Every structure is written in C-alpha cells, then in structure tokens.
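Participant: sharing a model that was predicted from the sequence below.
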Amino acid sequence: LSKHPLISAIIQTRVNQAAEFAQYSNDDDLGFEIRLRDEKAEPTPADLQKMDEIKRFIQDCGSETIDFELTFEGFIRQIVRDSLIYDQCNFEVVKNRRGDVIGFLPVDATSIRRTKLTKQEKQKGRRDPDKAAFCQVIEGKVVAEFGQRDLCFGVRRPRTSMKSKKYGYPELEELLSVIQNLMSAEIYNASNFNNGISANGIIAIKSKMDPKLFRVFRREFYQMLTGVNNAKRTPLIQLDPEGDEDIRSISMGSSNREMEYNAWISYLIKVLCGVYQMDPAEIGFVFGSEGQSSALIQADPTARVLMGKEKGLRPLIRSIQSWINKYIIHQIDPRFQISFIGLDSMPGKQKIEIEQHRMKYMTINEIRALHDLDSVEDGDLIAAHFGQLKA
C-alpha cells in the first residue's frame, strides 16, 4: 500500500520534513540541540564539554566502527519511514561489555516481534525487565533477542485493546478501504483511455459488399484509425442499401463528469491526507473552499501547510525526540536531553519587524540581553530615542 504514488508522496514529504531536524542548530533554525534536563540549571564547563561529546555521538550514530556509512539524517529517514508505514519504529542500542552505549542502529520493523509472556509474567501482569522483551524473526527463525533497554519499540498510535498486543495502529490499516476505492477509480479511468470503447460516433456503410470483402475492409480501416491499446475504437457496421435499415446512437454508460469522478477522487485524497494529519497542499493538491467558485477570497495555501505541520509534523517530531531521549541520551547521561527546535521559528523579515517594534518600548541593554549580549554604556535608554539623543 505504501508504494501507491499518493501514499508515497505523503510519506516522503513527512520523511523530508523530519530529516530537516537531523542537523545541529546553534540558533532558532531547524535542527537539534543538547541541553540539560533541568531547565533552571546553568551548565558548567564540564557540562558544556559533555554536551559537545553527545552532539558528536548523535551526529555519527555512535562509534564509526559500528556503521561508517550511517549518519543521523539517514537514521531519522529510516525510522520515520517505518513508523509511517507500520506505526513501529525500531532501533538497536549497541552497548559494550561494560554496558556503556557505544552506538545505535535502525532495525527493520517488519522483523521485530514482542516475545511471548511466560507463565510467571502472566501471573504478575507485567514483563520481567531482566528477560528478553523483543526478538528478531527472519524467514521464520528467531535470530536475535533484545531486552527492554536494548531495543526501541516506538509506537505513535498505541491502543489499549488486548487483541493488539501492544502493537500500533498504522494509518494504512485504517485507510485500507479508501486506498482500494482510489485504486478502483484509477483503474476505471485508465481502462477508459486504454481499452474502453469511447467512440464519438458510429460509421454505417450502405453497400452490397460481400461479407468476406467487408471484413477485409473493416480490418484495414481499424489499422488506420484505432488508437493505442485499442483506444477510441470506432464501430463500423454494414447496412443493406435496399432494405429499410437504420442505426441510432444509444448511450451505454455515463461519462466521468456525470459520475462526479473528480469530486470522488478529491474526496479520497482529502481522506488520505486527513488520516495522516497533512494538508493536501503539502503534496501539491490545492483545493479551494467547498462550494466556492471565486478564487479571490480563498485562503493562502501557505497558512494551510503550516497548520498541517502543526497537526502532523509536530507530534511526529515529539515522538522521535522522546524515543531518542529514553533509549539513547538518558542511558548515556540522564542529566541531558536532546531537543528538536526550529518548528516555531519565524522568517527573517518577521524577526526584523519584531525587533523594530521592541525598539519603541525597550532599552538597548534589554534588547541585547535577549540575544545574550553584554550591556553597553548609555544603553539604558529606549532604542528608538537613542539616535535622537545622540543627534
């Protein structure tokens, strides 16, 4: 199902958007930063050095001896794709013999299963944290087992149903009937152009031509005028010129316009994007207001794209952040955490307008303090009047 062009466009768009956060950011641009979990605490020089070490660790996905080709962006792209297809994100936390985290690797989500509960675990009502909680199954054989701290089993859409066995609820499972309807509509329209009889009229020939000769003539006629894959095939009928024979054009089916084909396709696209919490404008489908013919008062698609990111991208980024913190950062040093920033960042022009507005009621030193800059002499004056005073 994920290979359907529309689903692929939705998934690839979210993957690209999430990959923007894989770069380290020193300001409010998209990216990640390492900070203390205690937001009120001031980092010491030792903390700053540890943050820098964790930053390099995240960028390289650990030791280069584990997977030299793997980068943090590649890691994000892989786990996000699995999450959007299977609602299951799996990555292994690689440790040395001392139990120290030395790297992390994405794992194929289709090969990871939860282990069966033992009789003692069923009696206690919970899993034993010291026993294997997950296993990797390849070609029907268990090839690896993982503890709860050794493998991330990330689920974005958890369920309380006991039948689900703590597996997620992927969007594609919910959209199964919608995708089937979309494929049926596409097959119908494609068949209409490729193999359907969509003739503009019927050619009736009044002649006493021998039936054998008429078949030869009809075969040559079709070779000259029939379209690709037998499309637009024109019916050719022989009538007796002396007999009282006639032929009438009879409609055998409704056109695509009569069946509201475009409206049906638009509805299915909106449902697909709605379940994935994405505005259709993000994948190139800009729909106007319902029942509105004028385009002069339609909303700007940019605002709709931003709203779509708020609904879909923000929860996805928050899930990735919590998984990386719980399984990687906190096992390295529980005093630190990774934060993805920049989703609320503003364009440069808007930032300048805000700074100009602040100059009307804030002093120069107050504005400099917002940017972590030292105060200056005569900086306790309102910035807007500073130039006038100097003059």
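Facilitator: On my side now, so go ahead. As the structure is a computational prediction, the values presented were derived from the model and not from experiment.
Participant: sketch out the low-pLDDT regions of the chain for me.
Facilitator: Scanning the chain with the threshold set as pLDDT under 70 gives 28, 192-207, 223-259, 288-305, 344-355, 383-391.
Participant: cutoff 90 now
Facilitator: Applying pLDDT under 90 to the chain picks out residues 25-30, 39-41, 63-68, 116-131, 160-166, 184-266, 279-312, 341-391.
Participant: quick one, strands of it?
Facilitator: Along the chain, the segments classed as strands by DSSP state E run 31-36, 89-95, 101-106, 112-114, 134-138, 141-146, 151-154, 203-206, 236-239, 336-341.
Participant: ranges for the helices of the stretch 1-150 of the chain?
Facilitator: Taking DSSP state H, counting those that start in this stretch as the criterion, the stretch 1-150 of the chain carries its helices at 5-19, 45-59, 72-86, 119-124.
Participant: the first one packs against which elements?
Facilitator: Spelled out, it's helix 5-19. Under the contact definition 3 or more CB pairs under 8 Å, 6 or more residues apart in numbering; DSSP states H and E, helix 5-19 sits against helix 72-86, helix 261-275, helix 314-324. C-betas here are computed from N, CA, C, even on glycine.
Participant: would you reformat those helices as TSV and include mean neighbour count?
Facilitator: Formatted as TSV, those follow (neighbours: other CB atoms under 10 Å):
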stretch	mean neighbour count
helix 72-86	21
helix 261-275	16
helix 314-324	18
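Participant: can you check which of those helices gets nearest to residue 65?
Facilitator: helix 72-86 (16.3 Å; CB to CB).
Participant: what residues does that closest one touch?
Facilitator: Contacts with helix 72-86, where a contact means CB atoms under 8 Å, 6 or more residues apart in numbering, come from 2, 10-11, 14-15, 18-19, 21-23, 58-61, 88-91, 104, 106, 108-110, 154, 156, 168, 170-172, 276, 316, 319-320.
Participant: just want the angle from it to helix 45-59.
Facilitator: Per axes from the mean of the first three to the mean of the last three CA atoms, to 10 degrees, the angle that helix 72-86 makes with helix 45-59 is 60 degrees.
Participant: got the angle for helix 72-86 vs strand 336-341?
Facilitator: Using the same axes, to 10 degrees, helix 72-86 lies at 80 degrees relative to strand 336-341.
Participant: distance from the chain centre to helix 72-86, please.
Facilitator: From the chain centre to the centre of helix 72-86 is a distance of 10 Å (CA atoms, centre = their mean, to the nearest Å).
Participant: start at 37 instead
Facilitator: Understood, numbering begins at 37; the last thing we discussed is helix 108-122.
Participant: who's in contact with residue 153?
Facilitator: Counting by CB under 8 Å, 6+ apart, residue 153 touches residue 163.
Participant: next, it: phi, psi?
Facilitator: Torsion angles at residue 153 (phi, psi; degrees, to the nearest 10) stand at phi -70, psi 140.
Participant: tell me the bridge partners for the residue lying closest to residue 102 once chain neighbours are set aside.
Facilitator: Once flanking residues are discounted, residue 102 sits nearest to residue 139: 4.0 Å by CB to CB, 6 or more residues apart in numbering. Counting by DSSP bridges, residue 139 is bridged to residue 98, residue 130.
Participant: I'd assumed residue 94 was in contact with residue 139.
Facilitator: No. The pair residue 139 / residue 94 is not scored as a contact, 10.5 Å apart, by CB atoms under 8 Å.
Participant: give me the nearest residue to residue 206, chain neighbours excluded.
Facilitator: residue 123 (3.9 Å).
Participant: swap in residue 147?
Facilitator: Nearest one to residue 147, counting by CB to CB, 6+ apart, is residue 172 at 5.0 Å.
Participant: now do the contacts for that neighbour.
Facilitator: Residue 172 is in contact with 143, 147-149, 178-182, counting by CB under 8 Å, 6+ apart.
Participant: quick one: which of the residues you listed is nearest residue 131?
Facilitator: Closest to residue 131, out of all of those and judged by CB to CB, is residue 182, at 11.0 Å.
Participant: for that closest one, give me its contacts.
Facilitator: 128, 168-172.
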